[in-house]
Structure formats: structure tokens, C-alpha cells
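Engineer: just a sequence and a predicted model for now, questions to come.
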Amino acid sequence: MRTALVTGATGFIGRHVVAGLLDRGVAVRAVVRSPGKAGHLAHDGVERVVGSLAEIDGWQQSIPGCDAVFHCAGLVAARRRADLTAVNGDAVGRLADACAAVESPPVFVHLSSLAAAGPAPRDGIRDEADASRPVSAYGRSKLAGDGELAVRASRLPVTIVRPGVVFGPHDANVAAMFQSIQWTRLHAMMGFRSPRLSLVHVADLVSLVLGAATRGTRLPARDHAPAGAGIYHACDDREFPTHAELGRRMARALGTFAIVLPLPLTVAVPTAFMIEAFWNLRGQPSIVSPDKIREAVAPSWAASAARARRDLGFAPAASIDERLAETAGWLRENGRL
């Protein structure tokens, strides 16, 4: 791989994918919506391409000559469900069409989400062959994007990566959990059910994603292919801490303690509605919403990464506790705690 295009290059995962490619000597074309937020991309080997998923026609000329396209852009939250579907679903199909139109189409690696697959059985572990049953609007929008790629698999080499909870430097969501524990010694939990989680550090995710581009299997162009072919779960499946356990372990990484505070759903759901309404009135999406509560009260998000180990040689470089300690250290060093 000599040249790659990365969408969402200013986002949490996208910026790490760019760094991983540069470390491997790959020239990068980084698609950014706001050049003012792309200062960290001012490196040798990075060509900044200004554009958005809503205006692919304006920058699709940057696709020819790329060996791979890493689609990291997307919405985690939106004011309207239609916006989630438009960006996480419809726009994926348009970008795939632009890639398929190239004389030598690049490998298309799509960053989806375990939310697209849906929770695991209460006492089981989900694998890629299991039928997808998302429980949230976000998950359904990511599954729609996966479906857009499936119908184009005969014209474009596609691999889908579905990460669990991703954490590490520059992440805002898990950082907020660290900050809450540091400042209040509390770890809030939606309801009294504490689901098992699939976690992956962003450095380990990048290793898997880049491996998927060069060694991964592709979505099949026929209906009778093995279920789940061309899809990889991304998580450290050596253990699945519950949400409550994760809070306590984050506290240990901070050198403190955390009191796990379950919020009854009779309190959590109306509160989430009010928080979402507040931010929507301000013209911004809210990461706290009833939609996210649906994911938080699922029985389990445990998923197997056996396929990634077998095909890609995936192996997390450190334990979850070591990665949590690294993340806490980065937050301190960068004035986030």
C-alpha cells in the first residue's frame, strides 16, 4: 500500500489511522470538513482534501491513485434520526459508488460499529456470522451503511470493521467518564443492569484496520457465501468487563476510587430526554439520549475477535488495565484532568 485516502481524518479514530499509515510509510490524502481543525495533519506525506460526505462530487477526484480508502467519518449522535441515516447510511453508498467508478478501485475499509450488529445473547458471545439486531437508531444507521456496501460488493473490494467501545488519546466520550470519576468519585450507570462490554484501545484498532486493508477477506458478491464474510469484530475479547467494573478499573487507573451509581430508568430516561432537548434547542446533537440508553441497558455487548486473530494476526499489545492506565496518563499530561 503506497497511497491511502482517509475520511474523518480530524476525528478520534481517523487521526489515529492517519498516524498509523504515516508510520508505515504510506502517503495519505486526508478528507477534512474544517481546515481550521486539521492543524495536526500538517505533516510530510499528508495531502489535505477539503470536503464532506454531503459533497463527494467535489473531491472524488482524489480517489484515483489510492490503493485503499479508510472510511472513518460518521455521526455518533444527531438532532434527527434522518441525519444519522443520511450520513451513516446513504453517504456510504455514494462514496462506494465514487470508488467503484475508478479504473482500478481501491480496497474500501469501512469503520462500522458493534452497535450495527446489536447485543450478544445474555450468556453468549456474538460473532460475525450472527444475524444483526441493532437496538438503537445509531446502530440501525450503521447497519444501513454496511448494507449499502453489501449491494456494491461485486464492483468494489470491501471489508467492514465493527469496533466495540474504542478508547485512547483524543477520545471525548471515555475521557468524560474518566473526568467524572476524577472530579466526583461517581460512576453513573443507566438502570440496574450492567452489561458486559467489548473494549478496544485505538492503537490496537488501527493495527486491525490496516491489516484488514492488506490481508482481510472481502464482502462476498454472492448470496450463498458464508455468513459474516468480509466483516471483522474489533475488540479485546480476552475479557469483557461490565460497565460497573469498567468504572472501578478506570478509578484504579486514576489512583482513586469510584462509587457506582445506578440510575433507575424512571429517572434516567426522562433526564436523557431533557438533556437531548436542551442541546437540540442549542442546535447541537446530544451524546446523552434515550437512544443511547437503549444500548446501555442491553444484556451484553460481548463479541469474539477470533476471525481477526485468524485472518489478520490481530493481538492487542497490552491488557485493558494497562491501556486504561496509559489513557489516564495521557489525559493528565494534556490537562484534561
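Structural biologist: Ah, there it is.
Engineer: the lowest-mean-pLDDT helix or strand in the chain: how far from the chain's middle?
Structural biologist: Least confident element among the helices and strands of the chain, by mean pLDDT, DSSP states H and E: helix 265-281 (a mean of 79). Distance, stretch centre to chain centre, for helix 265-281: 24 Å (Cα atoms, centre = their mean, to the nearest Å).
Engineer: so, low pLDDT: which residues of the stretch 101-250 of the chain?
Structural biologist: 223-224 (pLDDT under 70).
Engineer: could you pull out the strands for it?
Structural biologist: 107-111, 158-163, 165-167, 186-190, 199-201, 231-234 (DSSP state E, counting those that start in this stretch).
Engineer: the fifth one pairs with which strands?
Structural biologist: Translated: strand 199-201. strand 165-167 (parallel) (DSSP bridges).
Engineer: list the contacts of the partner strand.
Structural biologist: 12-13, 174, 197-202, 205, 234, 301, 323-324, 327 (Cβ atoms under 8 Å, 6 or more residues apart in numbering). Using the backbone N, CA and C atoms, a C-beta is placed for each residue, glycine as well.
Engineer: on that earlier part again, elements contacting the next helix or strand along the chain from the least confident helix or strand of the chain?
Structural biologist: Using DSSP states H and E, the helix or strand that follows helix 265-281 towards the C-terminus is helix 290-296. With contacts taken as 3 or more Cβ pairs under 8 Å, 6 or more residues apart in numbering; DSSP states H and E, helix 290-296 sits against helix 137-150, strand 186-190, helix 265-281.
Engineer: just want the angle from the last one to strand 186-190.
Structural biologist: What that stands for is helix 265-281. Computed with axes from the mean of the first three to the mean of the last three Cα atoms, to 10 degrees, the direction of helix 265-281 lies at 100 degrees from that of strand 186-190.
Engineer: may I see the buried residues of helix 265-281?
Structural biologist: By neighbour count on 16 or more other Cβ atoms under 10 Å, the buried set for helix 265-281 is 265, 268-269, 272, 276, 279.
Engineer: then stretch 203-214?
Structural biologist: Residues of stretch 203-214 classed as buried: 203-213 (neighbour count, 16+ other Cβ under 10 Å).
Engineer: for it, which outside residues touch it?
Structural biologist: 1, 4, 13, 16-17, 19-21, 24, 67-68, 70, 107, 109, 111, 159, 161, 163, 166, 168, 200, 232, 234, 236, 308, 312-314, 316-317, 323.
Engineer: now stretch 302-315
Structural biologist: 114, 117, 120, 124-128, 162, 164, 196-198, 204, 207-208, 211-212, 215-217, 228, 231-237, 240.
Engineer: start to end distance for stretch 40-57?
Structural biologist: Distance between the boundary residues of stretch 40-57 (Cα to Cα, to the nearest Å) amounts to 26 Å.
Engineer: now that stretch: average pLDDT?
Structural biologist: Averaging pLDDT along stretch 40-57 gives 85.
Engineer: distance from that stretch to the middle of the chain?
Structural biologist: Stretch 40-57 sits 20 Å away from the centroid of its parent chain (Cα atoms, centre = their mean).
Engineer: over to stretch 169-184?
Structural biologist: From the chain centre to the centre of stretch 169-184 is a distance of 17 Å (Cα atoms, centre = their mean).
Engineer: and the pLDDT at T256?
Structural biologist: Value for T256, per-residue pLDDT: 96.
Engineer: G14 versus that one, what's the distance?
Structural biologist: Between T256 and G14 the computed distance is 32 Å (Cβ to Cβ, to the nearest Å).
Engineer: between those two, point out the one with more neighbours.
Structural biologist: It is G14, of T256 and G14, that has more neighbours when counted by other Cβ atoms under 10 Å, with 23 against 11.
Engineer: the more buried one against G20, yeah?
Structural biologist: No. Using Cβ atoms under 8 Å as the test, G14 is too far from G20 to be in contact (10.6 Å).
Engineer: burial of H187, as a residue count?
Structural biologist: Counted with other Cβ under 10 Å, H187 comes out at 22.
Engineer: quick one: the residue nearest to it when sequence neighbours are not counted and L84, what's the gap?
Structural biologist: Distances taken as Cβ to Cβ, 6 or more residues apart in numbering place G247 nearest to H187, at 2.9 Å, with adjacent residues excluded. Noted for G247: a distance of 28 Å to L84, by Cβ to Cβ.
Engineer: same thing with S286?
Structural biologist: S286 is 13 Å from L84, where distance means Cβ to Cβ.
Engineer: pick out whichever of those two has more residues nearby.
Structural biologist: Just comparing S286 and L84: by other Cβ under 10 Å the higher neighbour count belongs to L84, 26 against 20.
Engineer: report the buried members of the contacts of stretch 203-214.
Structural biologist: Buried, going by 16+ other Cβ under 10 Å: 1, 4, 13, 16-17, 19-21, 67-68, 70, 107, 109, 111, 159, 161, 163, 166, 168, 200, 232, 234, 236, 308, 312, 314, 316, 323, out of the contacts of stretch 203-214.
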